[in-house]
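Participant: Okay, predicted coordinates and the sequence, questions at the end:
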Amino acid sequence: MGEEKENAEERVTDISLKYLSKKLEEFARARNWEKYHSPRNLLLAMVGEVGELSEIFQWRGEVDKGLPNWEELDKEHLGEELSDVLLYLIRLSDICGIDLGDAAIKKLVKNAIKYPANVL
């Protein structure tokens, strides 16, 4: 048990998109799922996962930052659904030939120009 805890503590918490992309590619290849990973299929799967994510919040009303009144099992479930959406998004961007990290940085720059900080 002690060794398992040490290994968990040593895990990297700053995981890159490229690392996740590589893991997703390996996962799909090992299962021969690449033939199913068309942009359309991945998008529809991601939309389904967004629906599952939405269900978690559906009847809760406004939720405080940090989810202080949530049970740990609910938070774990939320993390799983958020991860599903993220993983499909990464896989979709790879299949479409889009560098998601680069696209996100470019979008942040565009948004900073479009919505300057000094304008109320």
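Facilitator: Sure thing, it's come through.
Participant: What is the burial count for residue 96?
Facilitator: 11 (other CB atoms under 10 Å). Backbone N, C-alpha and C define where each C-beta goes, glycine included.
Participant: Could you tell me how far the longest helix along the chain lies from the centre of the chain?
Facilitator: Taking DSSP state H as the criterion, the chain has its longest helix at helix 72-95. With CA atoms, centre = their mean, to the nearest Å as the basis, helix 72-95 stands 4 Å off its chain's centre.
Participant: Can you list the neighbours in contact with it?
Facilitator: Contact with helix 72-95 is made by 17, 20-21, 24-25, 28, 37-39, 42-43, 45-46, 49-50, 52-53, 56, 67, 70, 99-100, 103, as judged by CB atoms under 8 Å, 6 or more residues apart in numbering.
Participant: mind redoing it with 6 Å?
Facilitator: Surrounding helix 72-95, the residues in contact under the criterion CB atoms under 6 Å, 6 or more residues apart in numbering are 20-21, 24, 37, 39, 42-43, 45-46, 49-50, 52-53, 56, 67, 100.
Participant: what's the residue closest to the geometric middle of this protein?
Facilitator: Nearest to the geometric centre of the chain sits residue 86, at 1.9 Å (CA atoms, centre = their mean).
Participant: gap between that residue and residue 32?
Facilitator: From residue 86 across to residue 32, the span is 23 Å (CB to CB, to the nearest Å).
Participant: Check residue 79 too.
Facilitator: Separation of residue 79 from residue 32 (CB to CB) stands at 28 Å.
Participant: which non-adjacent residue is nearest residue 43?
Facilitator: Nearest non-adjacent residue to residue 43, counting by CB to CB, 6 or more residues apart in numbering: residue 92, 6.0 Å away.
Participant: Same check on residue 96?
Facilitator: Once flanking residues are discounted, residue 96 sits nearest to residue 39: 5.5 Å by CB to CB, 6+ apart.
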